[in-house]
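J.: sequence and predicted structure below; questions after.
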Amino acid sequence: MSTPLVPLRRRGVRMRSEQDPGPPVPVSRRAYIETYGCQMNIGDSEIMAGALADRGYVNVDDPAQADLIVVNTCAIRDHAEQRVLGRIGQLQHLRRERPDIVLAVTGCMAQRLGPDLLERSTGVDIVAGPDSYRNLGEVVDRIRGGAVARGQLLLELDDDENYDGVSSIRRTGVSAWITVQRGCDHRCTFCIVPYVRGPEKNRSPESVLAEVRSAVDSGFPEVTLLGQTVNSYHHGTTDFAELLRQVARVEGVQRVRFTSPHPNDVSDRLLDTMAAEPAVCPQLHLPVQSGSNRMLKRMVRRYTREEFLEIVDRVRSRIPGVALSTDVIVGFPGETEQDFEQTAGLMRRVRFDDAFLYRFSPREGTPATRLPAAEFVDQKTSGRRLSELITLHREIQREIHERELGGITEVLVEHSARTEGDMLGRTATNKVVVFPGEESWVGSFRRVRLVSTTGATLIGELVQ
């Protein structure tokens, strides 16, 4: 039987054209990686793919074809963890059919649960945290070779692990996710991230810029800089504003985004860079979490409602036309109707272009879980508040989009839309636009006139 061949799209390797595909890569071992959670997890999965490739593993799109199955997980909310546990159960039929398959659970959920995950889920061979991906392939090989037993734990956090020197493999998409910062020094009472990813650690600007150049060489028109509080980045004399400026000036970079910043680190230098560099998208994510000072203090967000609104005004005065998005948690322990109304009032005042709205999900090990039980908001109340906030946001978003109708904008085409014959792309302000097009346009820019909106999505027509 002939050896299967799988194409690679690797960071640090120029994309092969269809006319010059280059030699195929023979597959000796196959890895399937399934990702849950945020953009950081997408970046981590690409890092794992690169580290595994160095040991002869090639990525496949079907777990049934894999020798190694990796489920890369999120721990931010309980719902995400329940989905992963269900998925682990679904994958067991493959292990029964092929007992030599190794199943690894990686990421934040793996770090949080540790050995408990082995007890709760039969059929997990490796539990690996976010700082253990360099060693994953070696441990898999030792298990497959019989040198060590299944049920290995790789959970040591490493304050120096930035994965410099690992050439990540990107397989899809038009934006290259580039992690510049790992871990977090903030200790918001609701957040598990500092406990599962460790303290903040920042990559050198030289390594970031080298990765950006490789991404451009590989055909990516857009790069997105990632960090838990990305704008707190600092390495030597380089702060985030300077890093962003240098990235934006790399030859071939057409768009630059970054996520997720913290409001406290929105400096004038950062705003000046955003305003001055044409490649930097006029879009900023500002996670407010609550509009109530009492809740913000309980969450240990380190800013007040008034300070947040001052930041919003400063951003809009320096970057006209900027699009703002946010994160909000409702039902945090102790939240009253007055607290909730203050959050709704802030939403009306700021009028975010987009918002990610959640009901509080207690994470074991975080300070919020130790608040008095009597202060926890019941599910019915928090669900009602979430529904009201979603309705409010959708009304605001529709009004914003309706004001943009008739305008012409440049759209980066990402992929086919759900409607036949249409493509989906994003504007520089991160607005989703659907318009008639061809799959061959993916990765290119098209001028589009905005003609209607569904509320969350803009509908366009191609401008010849």
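T.: Sure, I can see it.
J.: starting from the helix or strand harbouring residue 411, tell me which strands it pairs with and how they run.
T.: Element membership for residue 411, per DSSP states H and E: strand 408-416. Pairing partners of strand 408-416, with direction, according to DSSP bridges: strand 422-426 (antiparallel), strand 445-453 (antiparallel).
J.: can you spell out which helices and strands pack onto the lowest-mean-pLDDT helix or strand in the chain?
T.: Sorted by mean pLDDT, DSSP states H and E, the helices and strands of the chain end with helix 115-120, the least confident at a mean of 88. In terms of contacts (3 or more CB pairs under 8 Å, 6 or more residues apart in numbering; DSSP states H and E), helix 115-120 is packed against helix 108-113, strand 126-128. In this view, the C-beta of every residue, glycine as well, is placed from N, C-alpha and C.
J.: next, format these as a markdown table and append distance to residue 151.
T.: Rendered in a markdown table, the data for those read as follows (distance: least, CB to CB, whole Å):
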| stretch | distance to residue 151 |
| --- | --- |
| helix 108-113 | 13 |
| strand 126-128 | 8 |
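J.: can you list the strands paired with strand 408-416 in TSV and add mean pLDDT, distance to residue 41 and mean neighbour count?
T.: Listed next are these as TSV, based on pLDDT from 0 to 100; distance: least, CB to CB, whole Å; neighbours: other CB atoms under 10 Å:
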stretch	mean pLDDT	distance to residue 41	mean neighbour count
strand 422-426	98	20	22
strand 445-453	98	28	17
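J.: got these as a markdown table, with distance to residue 255 columns?
T.: A markdown table is the format used below for these (distance: least, CB to CB, whole Å):
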| stretch | distance to residue 255 |
| --- | --- |
| strand 422-426 | 9 |
| strand 445-453 | 9 |
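J.: okay, stretch 413-423 in CSV with CA atoms only?
T.: The C-alpha trace of stretch 413-423 is given here as CSV (Å, rounded to 0.1, in the frame of the first residue of the first chain):
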residue,chain,number,x,y,z
VAL,A,413,-11.9,37.3,2.3
GLU,A,414,-11.7,34.4,4.9
HIS,A,415,-13.8,31.5,3.7
SER,A,416,-17.1,30.4,2.0
ALA,A,417,-20.3,31.7,3.7
ARG,A,418,-23.2,29.4,4.7
THR,A,419,-25.2,30.8,1.7
GLU,A,420,-24.3,29.2,-1.6
GLY,A,421,-22.2,31.4,-3.9
ASP,A,422,-21.3,33.8,-1.1
MET,A,423,-18.0,34.5,0.7
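J.: contact partners of it?
T.: Contact with stretch 413-423 is made by 173-174, 424-426, 434-439, 441-446, as judged by CB atoms under 8 Å, 6 or more residues apart in numbering.
J.: could you redo the last one with a cut-off of 6 Å?
T.: 174, 424-425, 434, 436-437, 439, 441-442, 444 (CB atoms under 6 Å, 6 or more residues apart in numbering).
J.: buried stuff in the least confident helix or strand of the chain?
T.: Of the residues in helix 115-120, those buried by neighbour count under the rule 16 or more other CB atoms under 10 Å are 117-118.
J.: chain center to it: distance?
T.: A distance of 26 Å separates the centroid of the chain from that of helix 115-120, by CA atoms, centre = their mean, to the nearest Å.
J.: can you show me the CA trace of that helix as CSV?
T.: Extracted C-alpha coordinates of helix 115-120, given in CSV (Å, rounded to 0.1, in the frame of the first residue of the first chain):
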residue,chain,number,x,y,z
PRO,A,115,-4.5,13.7,37.8
ASP,A,116,-8.3,14.1,38.4
LEU,A,117,-8.7,14.0,34.7
LEU,A,118,-7.2,10.5,34.5
GLU,A,119,-9.7,9.4,37.1
ARG,A,120,-12.7,11.1,35.6
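J.: got a list of contacts for it?
T.: Outside helix 115-120, the residues that touch it by CB under 6 Å, 6+ apart are 124, 127, 151.
J.: in PyMOL, select just the buried ones from those residues.
T.: The following PyMOL line selects those of these that are buried, judged by 16+ other CB under 10 Å:
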select buried, resi 124+127
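J.: closest one of the contacts of helix 115-120 to residue 324?
T.: The shortest separation between residue 324 and any of those is 38.4 Å, and it belongs to residue 127 (by CB to CB).
J.: quick check: the closest one touching residue 103?
T.: No - contact between residue 127 and residue 103 fails when scored by CB atoms under 6 Å: they sit 10.2 Å apart.
J.: domains of this structure?
T.: With automatic domain parsing serving as the domain definition, the record reports that the chain contains domains spanning 29-154, 173-281, 294-404, 405-462.
J.: just the terminal-to-terminal distance for the second one.
T.: Yep, that's domain 173-281 we're talking about. Separation of the first and last residues of domain 173-281 by CA to CA, to the nearest Å is 18 Å.
J.: what's the answer for the last one, then?
T.: Start-to-end span of domain 405-462 (CA to CA) is 14 Å.
J.: now do the third one
T.: Across domain 294-404, the straight-line distance between its terminal residues is 36 Å, by CA to CA.
J.: now do it, average pLDDT.
T.: Along domain 294-404, the predicted local confidence has a mean pLDDT of 97.
J.: likewise the second one?
T.: Domain 173-281 shows a mean pLDDT of 96 in the predicted model.
J.: can you map out the helices along the stretch 201-350 of the chain?
T.: Ranges of helices within the stretch 201-350 of the chain are 205-217, 240-248, 268-276, 293-299, 305-318, 337-350, based on DSSP state H, counting those that start in this stretch.
J.: appreciated, that's everything.
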